[in-house]
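Student: coords please:
(one chain, ligands or ions: 3)
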Amino acid sequence: MKIDIQKKNLLSFQDQTLVLFIPQKSSSKTSKKEATLNLASLPKEIVNFINSAQKETDFEGKSKETRLFRQTQLGSFENVLLIGLGQEKKISLESLRVAAATAEKSLESNKLKSATFFVDNLTKYVKKATNAAHALTEGVLLSAYQFDKFFSEKPKPHFQKMTFLTQSAPPTTLKKAVTQAQALCECVNFARYLGDMPGNLLTPKDLARETVNAAKGTGLKVTVWNKERIKKEKMGGLYGVSLGSAAEPRFIIMEYKGASKSQKPICFVGKGLTFDSGGISIKPSQSMDEMKYDMCGGAAVIGAMLAIAKLKLKVNAIGLVPASENMPGPLANKPGDILRARNGKTVEVLNTDAEGRLILMDALCYASELKPRAILDAATLTGAIIVALGNSYTGVFSKNEKLVKTIKEAAEHTGENVWHMPLCDDFTQDMKGTHADLSNISSFRGAGSSTAAAFLEQFVDPEIPWAHLDIAGTAWNIANRKNYCPKKGASGVMVRTFVELAQRL
Ligand code: BES
Ligand code: ZN
Ligand code: ZN
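Tutor: Numbers count the residues shown, from 1 in each chain. Ligands and ions are numbered 1, 2, ... in the order given. Down below sits the predicted model:
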């Protein structure tokens with residue numbers, strides 16, 4: 001997508017299509033007839049055009065509503081596309097992302113090549129024109145993502161050029177916001193690509209190679225530990241889980257230094273299970289293919305670290321991704337086997353399908369040794385979180401209220417919904433082992449996501465603020481929950497929230 005910024009008079013500008021984002025006027029009257037559009041900050045000619053068009057077509061400005069007018073001859077635009085923003089009182093950055101994705105889909109399905117997005121009437125709702133341009137860019141670029149690597153015939157997108165038009169904002173600041181959004185979306189789309197790649201072509205080794213290649217020229221330092229090194233580093237969980245597979249594990253370390261040496265880093269940890277068959281406690285065959293997505297936490301960390309480096313954020317950050325397959329090969333973990341984590345704690349493996357926590361325990365020990373400011377992990381950890389929160393919310397587990405507040409604020413800004421879930425000592429009790437310190441499954445029924453979080457907690461230095469994000473419900477196939485995410489395929493969830501958190505923590 002080519003993106004351009006122009007400061008010009010709207011009616012003297014020329015393009016194939018003009019896209020206008022129109023809010024509904026909030027009115028106390030509920031009758032449908034009373035709902036009118038808010039056409040403030042639009043030139044008179046445009047207001048007249050919309051008013052007469054509205055009479056004809058009943059355009060109400062609802063969220064995701066569209067109307068395309070062809071051959072309008074309005075100014076020098078061939079077409080005008082109206083996109084609804086919903087009730088003006090409720091307009092947020094997320095409304096703009098959704099509206100921009102609606103526009104992208106409409107332009108694409110109407111085979112339109114080039115469009116101009118007018119931003120000046122939006123500043124009222126999102127404070128600055130830069131915020132509007134950033135959110136609109138996100139909506140378009142995230143909506144345009146396609147995983148077409150393996151199709152013999154790749155459909156070529158029609159919509160390929162967008163221009164942001166302002167009559168008042170300084171174009172250089174808009175340009176900066178758009179460039180930043182582009183860099184960020186590239187990284188979200190890269191995380192999606194990693195998620196969408198099939199297990200046979202994205203093994204732990206491939207994941208590490210992709211990370212090394214993507215990091216070239218960004219200033220990120222990437223270190224990759226192989227199987228021998230992982231064993232030598234006493235990562236008994238990661239090593240043990242990988243034994244059932246012919247594919248070797250990797251431990252990926254990404255370091256970014258954007259601030260002085262004395263500043264403690266923020267540490268991101270992501271589950272990188274490139275395929276989870278369940279191991280000896282094998283999963284049912286239905287939808288097992290989806291377990292190629294079990295590395296989406298790792299992909300989120302990789303995407304976020306790349307974005308932090310590309311945006312040259314003034315922070316120190318570390319990304320850790322334990323990567324493994326979980327397979328039932330001859331050397332696989334058997335139920336009852338005991339593994340020793342890097343911090344010396346022992347774990348009884350009562351279900352080999354609860355493997356995510358086993359590879360994360362070592363990564364969390366290592367993260368704690370680095371003495372970071374905060375540790376945030378993302379993992380497709382439990383099916384139970386889907387029962388609790390569906391595809392709408394990522395579960396947040398943390399006893400640190402301040403950290404939870406910051407996560408909620410960051411997620412509010414990025415539109416990635418999070419919900420604070422309980423983590424308390426009852427759940428810690430449930431994870432005690434019979435013949436080892438811990439068991440990898442709960443001895444009691446229910447609260448599967450909380451007990452998993454309580455297990456992870458055992459490997460984090462209690463002095464370090466830590467939160468665990470269970471993204472099993474939000475990392476892929478989120479259907480109609482976000483129109484700028486693929487209905488089927490990886491969503492890239494948490495890349496943008498992690499980048500936001502790197503700036504807020
Ligand atoms: N990767 C799965 C969790 C998962 C399941 C994510 C379905 C998305 C959809 C994880 O490794 C797992 O299998 N967890 C088990 C834990 C159980 C055995 C305690 C689960 O949730 O069933
Ligand atoms: Zn599993
Ligand atoms: Zn898993």
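
Student: tell me the contacts of the residue in the stretch 301-450 of the chain positioned nearest to ligand 3?
Tutor: Ligand 3 sits closest to Gly356 of the stretch 301-450 of the chain, with a gap of 4.4 Å, by Cβ to the ion. Every residue, glycine included, has its C-beta placed from N, CA and C. Shown in contact with Gly356 (Cβ atoms under 8 Å, 6 or more residues apart in numbering): 271, 273, 276, 294, 379-381, 452.

Student: between these, which is closest to Asn79?
Tutor: Thr380 (42.1 Å; Cβ to Cβ).

Student: Which residues are in contact with the closest residue to that closest one other than its chain neighbours?
Tutor: Counting by Cβ to Cβ, 6 or more residues apart in numbering, Ala472 is the residue found nearest to Thr380 once chain neighbours are left out, at 4.4 Å. By Cβ under 8 Å, 6+ apart, the contact list for Ala472 reads 379-383, 385-386.

Student: could you pull out the helices for the stretch 51-200 of the chain?
Tutor: 93-109, 123-126, 129-143, 171-196 (DSSP state H, counting those that start in this stretch).

Student: coming back round to it: does the residue nearest to Thr380 belong to a helix or a strand, and which?
Tutor: For Ala472, there is no enclosing helix or strand under DSSP states H and E.

Student: so how far is stretch 455-474 off the chain centroid?
Tutor: 18 Å (Cα atoms, centre = their mean, to the nearest Å).

Student: picking that back up, out of the contacts of Gly356, which sit inside strands?
Tutor: Among the contacts of Gly356, the members found in strands (DSSP state E) are 273, 276, 379.

Student: which of those residues come close to ligand 1?
Tutor: Counting by Cβ under 6 Å from any ligand atom, Asp276 from the ones in strands among the contacts of Gly356 sit close to ligand 1.

Student: Output the ones in strands among the contacts of Gly356 as TSV; include the columns neighbour count.
Tutor: Listed next are the ones in strands among the contacts of Gly356 as TSV, based on neighbours: other Cβ atoms under 10 Å:
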residue	neighbour count
Leu273	29
Asp276	26
Ala379	31
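
Student: Looking at the ones in strands among the contacts of Gly356, spot the one nearest ligand 1.
Tutor: For the ones in strands among the contacts of Gly356, the minimum distance to ligand 1 (Cβ to the nearest ligand atom) is 4.6 Å, reached by Asp276.

Student: just checking, that closest one touches Glu290?
Tutor: No - between Asp276 and Glu290 there is no contact under Cβ atoms under 8 Å: 9.3 Å.

Student: circling back to that earlier point, can you check the pLDDT for the residue nearest to Thr380?
Tutor: The per-residue pLDDT reported for Ala472 equals 98.

Student: Tell me what the closest residue to ligand 3 within the chain is bridged to.
Tutor: Nearest residue of the chain to ligand 3, counting by Cβ to the ion: Asp276, 3.7 Å away. On the basis of DSSP bridges, Asp276 is bridged to Asn326.

Student: Return the distance of it relative to ligand 2.
Tutor: 4 Å (Cβ to the ion, to the nearest Å).

Student: wait, what's in contact with the closest residue to ligand 1 within the stretch 101-250 of the chain?
Tutor: Closest residue of the stretch 101-250 of the chain to ligand 1, Cβ to the nearest ligand atom: Val241 (9.8 Å). Applying Cβ under 8 Å, 6+ apart, we find Val241 in contact with 249, 279, 324, 326, 333, 355, 358-359.

Student: Quick check: of those residues, which has the highest neighbour count?
Tutor: With neighbours taken as other Cβ atoms under 10 Å, the top of these is Ser324, carrying 36 neighbours.

Student: quick one: secondary structure of it?
Tutor: strand (DSSP: H, G, I helix; E, B strand; the rest coil).

Student: Phe427 too?
Tutor: helix.

Student: what number of residues lie near it?
Tutor: Neighbour tally, Phe427, other Cβ under 10 Å: 22.

Student: Enumerate the residues of the stretch 251-400 of the chain near ligand 2.
Tutor: 276, 353, 355 (Cβ under 5 Å from the ion).

Student: Sort out which residues of stretch 312-328 are buried, please.
Tutor: Buried residues in stretch 312-328, counted by 16 or more other Cβ atoms under 10 Å: 313, 315-328.

Student: I meant to write stretch 273-287 there.
Tutor: Counting neighbours by 16+ other Cβ under 10 Å, stretch 273-287 gives 273-281, 283 as buried.

Student: Tabulate the residues you listed (a markdown table), appending pLDDT.
Tutor: Listed next are the buried residues of stretch 273-287 as a markdown table, based on pLDDT from 0 to 100:
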| residue | pLDDT |
| --- | --- |
| Leu273 | 98 |
| Thr274 | 99 |
| Phe275 | 99 |
| Asp276 | 99 |
| Ser277 | 99 |
| Gly278 | 98 |
| Gly279 | 98 |
| Ile280 | 98 |
| Ser281 | 98 |
| Lys283 | 98 |
